[in-house]
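S.K.: Below are the sequence and a predicted model for it; my questions follow.
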Amino acid sequence: MVKTRITLAISIVLIMTTQSTANNNYFIPGDAFFYFEIEQSEWKRFKDGQLTTLNYDRPDHLPTMLCGFTGYRKLDISNLPANSRAQLVSAIETMKKAYPSEVIIKVRESLDPIDDPPISEKIEINKIRIFVYNKSFDLSKHRIGLKYNESWPETAGQFLHSKQYFQFDFFVNNTKGITESWRMGTDVAPLDIQLPILEDGYTKTPMNFNPANHKFVVAPPVPMETLCFPRRGSGLKCIVVSGAGVQTWMVDKTGKTKWKQTK
């Protein structure tokens with residue numbers, strides 16, 4: 001028992017040593033989009049119009065660091081016109097029919113199974129992905145899932161972090177994605193959003209959504225890298241909802257553009 005607890009203590013120290021200076025991101029000023037997912041547990045409230053303040057969702061593939069969360073977590077879409085909300089609900093419903101919910105049982109292991117036994121929980125593994133972009137974001141020229149944020153190191157001080165240790169979450173965390181995001185960053189405007197005032201580097205106040213300036217990209221629950229660099233002929237579709245109506249975009253078979261509007 002003593003040996004077990006000593007091993008546990010050493011493990012915790014090692015983990016904290018490697019992760020204690022790293023943070024987890026919500027929306028960071030300069031990002032091209034706000035991101036959220038719709039779970040089954042939220043779906044009814046969202047359809048009924050009861051869920052109007054959305055939480056930023058970090059994709060499941062991102063690691064969780066021990067130094068807390070940074071950025072703006074909430075977006076208020078309560079001023080979305082009724083017809084646009086109905087169109088958004090319909091778009092999500094269409095995507096959910098194409099990708100029915102898959103739930104697995106996951107056992108959360110404990111570092112100390114004696115005092116804290118494992119817990120089984122239901123996990124939805126294919127939640128619909130939704131991006132909020134500026135209406136000017138062009139899916140035929142730019143890639144879904146890249147933040148195109150050139151200024152993120154300079155925002156560290158706003159969130160009371162040292163620039164030296166400030167961590168940034170890349171949704172597509174590979175050389176190809178990071179290079180593309182850096183190379184084309186000046187061509188993609190940051191999300192045009194009103195930021196609430198920070199208090200001690202944090203706020204519970206939602207950001208304000210402007211239906212005239214933004215659009216929703218409802219995407220399938222495929223890996224983020226697949227959305228970003230889709231294979232030609234894959235047949236993947238996204239549904240875009242904006243003040244201009246509803247559009248369906250498909251991966252361009254010719255490779256001349258990223259995505260192509262089909263209707």
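M.R.: Structure's in. What do you need?

S.K.: gap between the residue nearest to P221 when sequence neighbours are not counted and M224?
M.R.: In space, not counting the residues next to it along the chain, P221 is nearest to N126; the distance is 3.8 Å by CB to CB, 6 or more residues apart in numbering. C-beta here means a position set from N, CA and C on the backbone, and glycine is covered the same way. Note on N126: its distance to M224, by CB to CB, to the nearest Å, is 13 Å.

S.K.: what's the answer for N25, then?
M.R.: Following CB to CB, the distance that separates N25 from M224 is 14 Å.

S.K.: and the two? which has more neighbours close in?
M.R.: Just comparing N25 and M224: by other CB atoms under 10 Å the higher neighbour count belongs to N25, 25 against 22.

S.K.: Contacts only, for the more buried one.
M.R.: Under the criterion of CB atoms under 8 Å, 6 or more residues apart in numbering, the neighbours of N25 are 58, 69-71, 167-169.

S.K.: show me what contacts the residue lying closest to it once chain neighbours are set aside?
M.R.: Beyond its immediate neighbours in the sequence, the residue positioned closest to N25 (CB to CB, 6+ apart) is D169, lying 4.1 Å away. When contacts are counted by CB under 8 Å, 6+ apart, D169 touches 24-25, 58, 62.

S.K.: Same check on E121?
M.R.: Applying CB under 8 Å, 6+ apart, one finds that E121 lies in contact with 105-106, 108.

S.K.: Surely W259 and V251 touch.
M.R.: Yes. Because the distance of 6.1 Å satisfies CB atoms under 8 Å, W259 is recorded as touching V251.

S.K.: what residues are shared contacts of those two?
M.R.: Common neighbours of W259 and V251 (CB under 8 Å, 6+ apart) are P230.

S.K.: Mind checking which of those two has more residues around it?
M.R.: Neighbour comparison, W259 and V251: the larger count goes to W259, with 24 against 20 (by other CB under 10 Å).

S.K.: can you pull the buried residues of stretch 220-235?
M.R.: The neighbour-count criterion (16 or more other CB atoms under 10 Å) identifies 220-221, 224-230 as the buried residues of stretch 220-235.

S.K.: Which of these sits closest to L195?
M.R.: Using CB to CB, M224 comes nearest to L195 of the buried residues of stretch 220-235, at 24.7 Å.
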